[in-house]
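1. sequence-free structure coming up:
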Ligand SMILES: Cc1ncc(COP(=O)(O)O)c(C=O)c1O
């Protein structure tokens, strides 16, 4: 862990207990072995399905994130806050499509609007539509943007945001956070979850690019380190078009900005003429009514959105300041996409926009906070080497005794007990995202009773760890 006495930014929540006792690593391994046996005993239908799927889909899944060993749970249907798998098992869904399902599965308003589009409006015109203009105006107001364009995935939004920044600045390099994930665009494949032996010293990280990507000029800096960003800009500022960062990192569990960090980032980008891109694919509406940027009071030059804005349909967007979006207006960067802003996803987005009122966001956050408070009490009672982190409707338990402020801190957390904690939930009917680097989402469909299931599972894990 890095030395940290710095507080996290106002508007974010992290509770780190002063005292804890280590967990016995042998006990963790013994419980993990028992839990993997338990997993394969109740999920055989998913195992069989994965064997079949693997003959047509690599790894048997439609996105590599969906895979885990020995096989992931295969879902038959979803409604509200629950999933039913191919074996008929019912699971409480706290992954909610990596946070895309903010309004719940098959939310009645979404179903109503989408059904109306399917029966009375149409799905795809590839010419302008009043539906797309209406949604653009709503997003402009909500996210405080001058202009935006719709895309179909976060990856596309990031790609076009970076290309906009390049067209605007006439520079081609980018800077990104070590450990940061931003989708599949080549430039953003650098140092996503690199092995520590490949990335040099913590105070001067070496970019690590996979062989399949042609990333171009990419500089990598630690999150929460303004000194490293300043050095990168000083040494390479003349060639850096954009700095891409999740305002709150939600691909390393939840990593919060230190107080003043994002203000410092904003000032450095201004000083060196670097376009500041906030990737709000994961934060977005889950962070609050106007996203993380507004919650934290920092205005980026461009923002990328996806997941929670689409009500479970494939909708994404990028947008921001007029002078940068003008590159699309005057043709310095053409932006294309057959399915952009199609009437079907616009219908879903309209329903989400109407559902996620300031009051609804506050309600989700209140339920999440009550959940986190109760988990804090359990962590304290069992003196667990863990702490909770939350932002808006999302939360996580991080297995570390001190705050996690960057990728190197994250790599020093206890992955064994994190895996056990995730598997413990899955085996007791609570699905949080695979990968140990995600967080739960409280959606409009989740009730106090649902969140008590998560809490009681966690309590039983604490008991087992201390038994
Ligand atoms: C922060 C962030 N940016 C971008 C993406 C890519 O979005 P998509 O999967 O829609 O391409 C993701 C996906 O998880 C993400 O978490």
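-> Structure received. Computed from a prediction, not measured in an experiment: that's the story for all the values here. Residues are numbered from 1 along each chain as shown.

2. show me what the helix or strand residue 349 falls within is in contact with.
-> Per DSSP states H and E: residue 349 is located in helix 343-355. Applying Cβ atoms under 8 Å, 6 or more residues apart in numbering, the contact partners of helix 343-355 are 102-103, 107, 109-110, 112-114, 116-118, 121-125, 129, 131-132, 134-135, 138-139, 142, 150, 152, 285, 308-315, 339, 444. C-beta coordinates here come from the backbone N, C-alpha and C atoms, glycine included.

3. how close does the residue in the stretch 151-300 of the chain that the ligand sits nearest to get to residue 257?
-> Residue of the stretch 151-300 of the chain nearest the ligand, by Cβ to the nearest ligand atom: residue 154 (2.2 Å). Residue 154 sits 20 Å away from residue 257, going by Cβ to Cβ, to the nearest Å.

4. who has more neighbours, the two?
-> Under the criterion of other Cβ atoms under 10 Å, the comparison of residue 154 against residue 257 puts residue 154 first, with 28 against 25.

5. buried set for the helix holding residue 349?
-> 343, 344, 345, 346, 347, 348, 349, 350, 351, 352, 353, 355 (16 or more other Cβ atoms under 10 Å).

6. what sits opposite the closest residue to residue 302 other than its chain neighbours in the beta ladder?
-> Excluding the flanking residues, the one nearest residue 302 by Cβ to Cβ, 6 or more residues apart in numbering is residue 320, at 3.8 Å. Note on residue 320: beta-bridge partners by DSSP bridges are residue 147, residue 302.

7. what residues does this protein have near the ligand?
-> Listed as neighbours of the ligand in the chain under the rule Cβ under 6 Å from any ligand atom: 98, 153-155, 158, 181-183, 246, 251, 279, 281-282, 306, 316.

8. closest residue of the stretch 351-467 of the chain to the ligand?
-> Of all residues in the stretch 351-467 of the chain, residue 438 sits closest to the ligand, with a separation of 9.0 Å (Cβ to the nearest ligand atom).

9. would you double-check that that residue falls in a strand?
-> No: judged by DSSP: H, G, I helix; E, B strand; the rest coil, residue 438 forms no part of a strand; its state is coil.

10. tell me how far it lies from residue 279.
-> With Cβ to Cβ as the criterion, residue 438 and residue 279 are 15 Å apart.

11. between these two, which one's more packed in?
-> Between residue 438 and residue 279, counting by other Cβ under 10 Å, residue 279 is the more crowded of the two (33 against 23).

12. could you pull out the helices for the stretch 251-400 of the chain?
-> 261-272, 291-296, 322-329, 343-355, 358-381 (DSSP state H, counting those that start in this stretch).

13. for residue 101, see how far away the residue nearest to residue 302 is.
-> 26 Å.

14. kindly report the same for residue 293.
-> From residue 293 to residue 101 the distance is 22 Å (Cβ to Cβ).

15. quick one: mean pLDDT for stretch 208-219?
-> In this model, stretch 208-219 has an average pLDDT of 97.

16. distance from the chain centre to it, please.
-> 22 Å (Cα atoms, centre = their mean, to the nearest Å).

17. tell me how the protein divides into domains.
-> 13-102+357-466, 108-355 (automatic domain parsing).

18. ok, for the residue most central in space within the chain, nearest residue in space, not its chain neighbours?
-> For the chain, the residue nearest the mean C-alpha position is residue 282 (3.3 Å; Cα atoms, centre = their mean). Nearest non-adjacent residue to residue 282, counting by Cβ to Cβ, 6+ apart: residue 250, 3.9 Å away.

19. any idea how far the one you found lies from residue 391?
-> With Cβ to Cβ as the criterion, residue 250 and residue 391 are 8 Å apart.

20. find the residues that touch each one of the two.
-> residue 283.

21. pLDDT weak spots in the stretch 351-467 of the chain?
-> 435 (pLDDT under 70).

22. ends of stretch 172-180, what's the gap?
-> Distance across stretch 172-180, first residue to last, is 19 Å (Cα to Cα, to the nearest Å).

23. could you give the mean pLDDT of that stretch?
-> 98.

24. what of stretch 102-122?
-> 98.

25. repeat that for stretch 33-50.
-> On average, stretch 33-50 scores 98.

26. contacting residues around it?
-> With contact meaning Cβ under 8 Å, 6+ apart, stretch 33-50 is reached by 60, 70-74, 85-89, 420, 423-424, 426-427.

27. how far out from the middle of the chain is it?
-> Put simply, stretch 33-50 sits 27 Å off its chain's centre (Cα atoms, centre = their mean).

28. show the end-to-end separation of stretch 302-317, please.
-> Its start and end residues considered, stretch 302-317 measures 10 Å (Cα to Cα).

29. and it, which residues are buried?
-> Under 16+ other Cβ under 10 Å, the buried positions of stretch 302-317 are 302-317.

30. repeat that for stretch 107-121.
-> Burial within stretch 107-121, assessed by neighbour count using 16+ other Cβ under 10 Å, is assigned to 107, 109, 110, 113, 114, 117, 121.

31. and what of stretch 244-261?
-> By neighbour count on 16+ other Cβ under 10 Å, the buried set for stretch 244-261 is 244-258, 261.

32. OK, contacts around residue 220?
-> 175, 176, 177, 178, 190, 191, 199, 205, 206, 207, 208.

33. checking my notes, it in a strand, right?
-> Yes: assessed with three-state DSSP, residue 220 lies in a strand.

34. re the thing from before, most neighbours out of the contacts of stretch 33-50, which is it?
-> Counting neighbours by other Cβ under 10 Å, residue 420 comes out on top of these with 25 neighbours.

35. that one should be in a helix, yeah?
-> Yes: under three-state DSSP, residue 420 sits within a helix.

36. check which helix or strand covers the residue nearest to it when sequence neighbours are not counted.
-> Spatial nearest neighbour of residue 420, chain neighbours left out: residue 32 (5.1 Å); criterion: Cβ to Cβ, 6+ apart. Taking DSSP H and E as the criterion, residue 32 maps to helix 25-42.
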